[in-house]
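Visitor: Turn this into a model:
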Amino acid sequence: MIEQSIELSDMVDDLLGVLERDYEHIERTALFLNELRCLVIKRDEKGLGLLLESIRSEAQDYSANEQRRGLIRKEMAQMLGCEPAELTLSVLKNAVEGQARNKVAQIQEKLKTVTGRLQAEYAVTVKLISECARINTILLKTVFEKRMSGQVFYDSTGLTKRQGDAAFMSMRL
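Guide: This is a model prediction of the structure:
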């Protein structure tokens, strides 16, 4: 029983290290979203390319951490007699005692805070990208729409005339 408690304590320490890395990853992801919005507004294509490379590199580095978390979670679930999907930080917090419980509670609170911030960053980014898509759609319709009946156009002499089937831009080569 004591041996299992020591093993569980060691696994908790391993898990806390992995969760700390998860926290840092979520923080960086929130920063990436903020940077993405800035670069989209500035229309900085070079910066967007560099950001994409940073995100790809981060994703590759982070996959090992995800695998490690899954493995630790599976082992801890077996030790605690539950399914890996049922093992949450709340369940773990109730299963351990003393300093380990305090550490699990601290990382749980940190993850809640940073996850909330990430959700806010994501919502704002989605809103910006959606607005950009809406504006682009309006511009494309204005430039390429075939039927612009009922609109008034001016010729070179300043006279008005209606063009029913004229596009703003000719599509012929």
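
Visitor: now the strands for the chain?
Guide: With DSSP state E, the ranges of strands along the chain come out as 152-154, 160-162.

Visitor: helices and strands of this protein: which one has the lowest mean pLDDT?
Guide: Lowest mean confidence among the helices and strands of the chain (mean pLDDT, DSSP states H and E): strand 160-162, at a mean of 60.

Visitor: Show me what the longest helix seen in the chain packs onto, helices and strands only.
Guide: In the chain, with assignment by DSSP state H, the single longest helix is helix 98-144. On a contact count with 3 or more Cβ pairs under 8 Å, 6 or more residues apart in numbering; DSSP states H and E, helix 98-144 meets helix 2-42, helix 89-95. All C-beta atoms are positioned from the backbone trio N, CA, C, and that covers glycine.

Visitor: Please name the residues that touch L16.
Guide: Shown in contact with L16 (Cβ atoms under 8 Å, 6 or more residues apart in numbering): 103-104, 107.

Visitor: Revised request: answer the last question for Y62.
Guide: Contact analysis of Y62 by Cβ under 8 Å, 6+ apart lists 21, 25.

Visitor: Tell me how far V18 lies from E83.
Guide: V18 sits at a distance of 19 Å from E83 (criterion: Cβ to Cβ, to the nearest Å).

Visitor: how about low-confidence regions in this structure?
Guide: 1-5, 145-154, 158-173 (pLDDT under 70).

Visitor: re the thing from before, compare V18 and E83 (neighbour count), which wins?
Guide: More crowded of V18 and E83, by other Cβ atoms under 10 Å: V18, with 20 against 10.

Visitor: What sits closest to that one if chain neighbours are left out?
Guide: Leaving out its chain neighbours, the residue that sits closest to V18 by Cβ to Cβ, 6 or more residues apart in numbering is R69, at 4.6 Å.

Visitor: Run a quick neighbour tally on the one you found.
Guide: 17.

Visitor: If I follow the layout properly, it ends up in contact with E20?
Guide: No - between R69 and E20 there is no contact, the gap being 11.1 Å when judged by Cβ atoms under 8 Å.
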